[in-house]
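Visitor: Got a sequence here, can you build the structure:
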Amino acid sequence: MKKYTLFVLMAIAAATFCSCSSKRSPIKTFVMPCSDCVKADDALRVWASGTSDSETTAHKKAMATASAELAALLSKTVNTMTEQYTTELTEGRDGQSKSLLDEKNIIVVKQVLNGAAIVCDEWTKDENGQYTNYIVLELKGSKIIEAITKSAEAEGEKINKELLKTLFEKGIQEISK
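Guide: Numbering: from 1, shown residues only. The predicted model follows:
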């Protein structure tokens, strides 16, 4: 009986201790700065961070990472859009239009990346003096479509701007899933 009573008392003490300690130290959740800005319906956006003991270096690291990710995402989206666009074309011009668009896309992707806008730019500093810069870079779909259209039309190629826009937005939606 003594063992049973002792066991019950220990169980009650443990339960009381556990419930009290959970009230004193609530679980804290950390939400990454700028993570709420990553999705957009009409633009490509990427999130990146950079950490250093120098604010300038942290910012450069974040920008370099975001730029590289945005370039890869843009290239993938534009290549998919080009494939779908040429598939939609008729009149046997698929091969010619695809090669022209591929050429133009390489040039346009490089030009458009220089115009990426910073949508979010936040900082944290930890107890060791390290700065972390969190950023979100954005490229508007309309800017990309306009650049591709102008570039192709300069070569005398007629481009269906609305179809490109629709396919680009579809590509953005696929990425967002």
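Visitor: Okay, helices next: where are they in this structure?
Guide: 2-24, 55-88, 94-113, 141-154, 161-176 (DSSP state H).
Visitor: ok, what's across the strand from the residue minimising distance to the centre of the chain?
Guide: With distances taken as Cα atoms, centre = their mean, residue 46 lies nearest the centre of the chain, 2.4 Å away. According to DSSP bridges, the partner residues bridging residue 46 are residue 137.
Visitor: what's near enough to touch it?
Guide: 38, 66, 69-70, 73, 136-137 (Cβ atoms under 8 Å, 6 or more residues apart in numbering). Glycine gets a C-beta too; all of them are placed from N, C-alpha and C.
Visitor: do residue 76 as well
Guide: Neighbouring residues of residue 76 by Cβ under 8 Å, 6+ apart: residue 175.
Visitor: Could you double-check that residue 115 sits in contact with residue 138?
Guide: No. Taking contacts as Cβ atoms under 8 Å, residue 115 lies outside contact range of residue 138: 10.0 Å.
Visitor: which one of these two has more residues nearby?
Guide: residue 138 (20 against 11; other Cβ atoms under 10 Å).
Visitor: How much space separates that one from residue 53?
Guide: 28 Å (Cβ to Cβ, to the nearest Å).
Visitor: Check residue 81 too.
Guide: Taken as Cβ to Cβ, the span from residue 81 to residue 53 is 42 Å.
Visitor: Brilliant, that's me finished.
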